[in-house]
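*Asks:* give the three-dimensional model of this entry:
(2 chains)
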Amino acid sequence: MSWSILKLLRENPDELKKHVKKRFMDEGIVDEALKLDLEWRKLLSEIQELRHKHNVISREISRLQGAEREEKIKEAKELLSLLEEYEKKLNELEAKREEALLKLPNIVHDSVPVGPDDSYNLPIRFYGRPRVWTGYLDQFRQQTERYGFKVEYELIDWKPVGHADMLELVLGMGNTVKAGEVAGSRFYYLFNDIVFLDMALLAYAIDHLTSKGYTLVLPPYMLRFKYIQGVIDYATFKDAIYKIEGEDLYLIATAEHSLAALHADEEIPEEMLPLKYVGVSPCFRKEAGAGNRDLKGIFRVHQFHKVEQFIFAKPEESWDLMEELISNAEELFKGLNLPYRVVNIASGDLGAPAAKKYDLETWMPAQGLYREMVSCSNVTDWQAYRLKIRLIRRKGMIRELVHTLNSTAIASTRTITSILENYQEPDGVVVIPKALRKYLEPFNKAPKDAIHPVKREKSS
RNA sequence: GCCGGGGUCGCCUAGCCUGGUAGGGCGCCGGCCUGCUAAGCCGGUGGGGGAAACCCCGCGCGGGUUCAAAUCCCGCCCCCGGCGCCA
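*Replies:* Numbering: from 1, shown residues only, chains lettered A, B, ... in the order given. Predicted coordinates:
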């Protein structure tokens, strides 16, 4: 099993450094990993030689009798005490090497824009006709024309109410204050129409993707450390992952995690690939690194529902399949008629697992910004190495690591915020996207055409 | 949670009591043979180190006993059956 990153580390460390440098990470991690790998291999060879000697003697003993036998047993014992020393050193070295290897990020694909942060993210296409409030026209242009795109828009002279105020004040269908008391900030209670909307969004995404042949999965919401470590890097682990006290269990931050683990330690015949899944699960995130960003409302929260696409692929197919994933997500947002752009994420803003990442960002009329709704990554063999997910080539029975890819289909609360802003009328009514009506139909009390502002009996 | 049975190469299985290089079947890969096909025959079929020869490791995971552990001992995980509890 040959991990592309380890191969590159050994054969061309300078090339690997270039990739690390593109991410604006410390190249020292490459030197460190290389050094430890070399030391480990050297010591391993020495130990294997000693073990060999011991094995030879041990086999002799079984054929010997009397004094000769006693002599050999003594010799074997001496070898063992030497080995014990060496092996202790090896174990230490091995742990350090492992740690160093797990720190290595994926390579950066050639098509990824190079830059230290999200300001270098590159929009590659736009869809829809955003509603732009006159006050935001300049910044709208900044987010479109600066990149050479001429995006048609509808100019409006009223400023839409932000999603957070829409939810709690205008519609009266959410309560983050009470949730803050009982659970903390970034939690929420949602009521009635918004809950139906949440469910309808999930059903819409599930329906769309299963129709395309994706296998529907309800996965575990918790995983053991071994598998969590297999799917994310340390930074994500620290910022996002909740632990169950007293148990080796961690709450997933996305169904991606459980879906990746679905084939851990397995060999997949190449003719079975690609394996396409659509998972639905709650997502739990600490948002530890978020500071005060998006503190209001339900845009950035500790728990939400998400429909997630996940593919296990042959390496030669993964880049085409990444395009399939993002276009699936685009179909969903086109269906909702939410104006969006697709952004090629800059090298410095990529997570360690991803070789390339697209975000789908919808226009948020009340913020005057395109905001992330979908994240779509080709992780190549980064997760497969950690989880030991291999494919078998029929020709020659060769085993190699699969590529894994993941993409949001719909994240419920975030998409709701987008709907609250984009489908908002001046009178506070929120029109329901036509594509969702079908999924609201089965419920008597679910809204079908629009969500109406709360009636305030004593208001002026 | 308790009692019992189990976890061996991609899959199935032998070996465990009685410690001494893990055997067989299926599948798959490569080859031979056969006018085609089937059958048959031979070899291969886990991970790692090494330029190679070759060597090391590997029987759910982790420890222990031993010159030597799939095999004996301890802890943990998972599966099956029974009992209990419970949505």
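*Asks:* all contacts plus neighbour counts: C-alpha atoms, from now on.
*Replies:* Will do.
*Asks:* show me where the stretch 301-450 of chain A has its helices.
*Replies:* Counting by DSSP state H, counting those that start in this stretch, the stretch 301-450 of chain A has helices at residues A:318-335, A:382-387, A:412-422, A:434-440.
*Asks:* and the helix or strand just after the last one, what other elements does it pack with?
*Replies:* To tie it back to what came earlier, the one meant is helix A:434-440. Downstream of helix A:434-440, the next assigned helix or strand under DSSP states H and E is strand A:450-451. Applying 3 or more C-alpha pairs under 8 Å, 6 or more residues apart in numbering; DSSP states H and E, we find strand A:450-451 packed against strand A:430-431.
*Asks:* alongside RNA strand B, which residues does the stretch 251-400 of chain A contribute?
*Replies:* A:Glu266, A:Glu267, A:Arg394, A:Lys395, A:Gly396, A:Met397, A:Arg399 (C-alpha under 7 Å from any atom of the strand).
*Asks:* lowest-confidence entry in these?
*Replies:* For those, the weakest pLDDT value sits at A:Gly396, with 77.
*Asks:* distance to A:Gln367 and mean pLDDT for the helices of the stretch 301-450 of chain A - can I get that in a markdown table?
*Replies:* Compiled in a markdown table, the helices of the stretch 301-450 of chain A are given as follows (distance: least, C-alpha to C-alpha, whole Å; pLDDT from 0 to 100):
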| stretch | distance to A:Gln367 | mean pLDDT |
| --- | --- | --- |
| helix A:318-335 | 19 | 98 |
| helix A:382-387 | 36 | 94 |
| helix A:412-422 | 9 | 97 |
| helix A:434-440 | 24 | 96 |
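*Asks:* kindly reformat these as a markdown table containing mean neighbour count and distance to A:Ala164.
*Replies:* Formatted as a markdown table, these follow (neighbours: other C-alpha atoms under 10 Å; distance: least, C-alpha to C-alpha, whole Å):
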| stretch | mean neighbour count | distance to A:Ala164 |
| --- | --- | --- |
| helix A:318-335 | 19 | 21 |
| helix A:382-387 | 25 | 36 |
| helix A:412-422 | 24 | 8 |
| helix A:434-440 | 18 | 21 |
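*Asks:* would you turn those into TSV with distance to A:Asn344?
*Replies:* Listed next are those as TSV, based on distance: least, C-alpha to C-alpha, whole Å:
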stretch	distance to A:Asn344
helix A:318-335	11
helix A:382-387	20
helix A:412-422	20
helix A:434-440	27
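*Asks:* closest one to A:Lys53 among the ones you listed?
*Replies:* A:Lys53 sits nearest to helix A:382-387 of all these, at 32.9 Å, using C-alpha to C-alpha.
*Asks:* where do the helices sit along the stretch 51-200 of chain A?
*Replies:* Secondary structure of the stretch 51-200 of chain A, counting by DSSP H, counting those that start in this stretch: helices at A:66-103, A:137-144, A:163-165, A:176-182, A:192-211.
*Asks:* just the buried residues of the longest one, please?
*Replies:* Neighbour counts using 16 or more other C-alpha atoms under 10 Å place A:69, A:72-73, A:76, A:79, A:83, A:86-87, A:90, A:93-94, A:96-97, A:100-103 of helix A:66-103 among the buried residues.
*Asks:* go on, the last one?
*Replies:* Taking 16+ other C-alpha under 10 Å as the neighbour-count basis, helix A:192-211 is seen to contain the buried residues A:193-206, A:208-209.
*Asks:* repeat for the third one
*Replies:* Counting neighbours by 16+ other C-alpha under 10 Å, one finds that the buried residues in helix A:163-165 are A:His163, A:Ala164.
*Asks:* for the record, mean pLDDT for it?
*Replies:* The pLDDT scores in helix A:163-165 average 95.
*Asks:* ok, residues contacting it?
*Replies:* A:Lys296, A:Gly297, A:Ile298, A:Ala366, A:Thr417, A:Ser418, A:Leu420, A:Glu421 (C-alpha atoms under 8 Å, 6 or more residues apart in numbering).
*Asks:* how about the first one: what's its closest non-neighbour residue?
*Replies:* Counting by C-alpha to C-alpha, 6 or more residues apart in numbering, the nearest residue to A:Lys296 once its immediate chain neighbours are dropped is A:Ala164, at 6.1 Å.
*Asks:* and what of the fifth one?
*Replies:* Excluding the flanking residues, the one nearest A:Thr417 by C-alpha to C-alpha, 6+ apart is A:His163, at 5.2 Å.
*Asks:* do you know the pLDDT at the residue of the stretch 51-200 of chain A found nearest RNA strand B?
*Replies:* Residue nearest to RNA strand B within the stretch 51-200 of chain A: A:His52 (3.4 Å; C-alpha to the nearest atom of the strand). Turning to A:His52, the model gives it a pLDDT of 92.
*Asks:* do you know how far it is from A:Ser58?
*Replies:* 10 Å (C-alpha to C-alpha, to the nearest Å).
*Asks:* do the same with A:Leu171
*Replies:* Applying C-alpha to C-alpha, the value for A:Leu171 to A:Ser58 is 80 Å.
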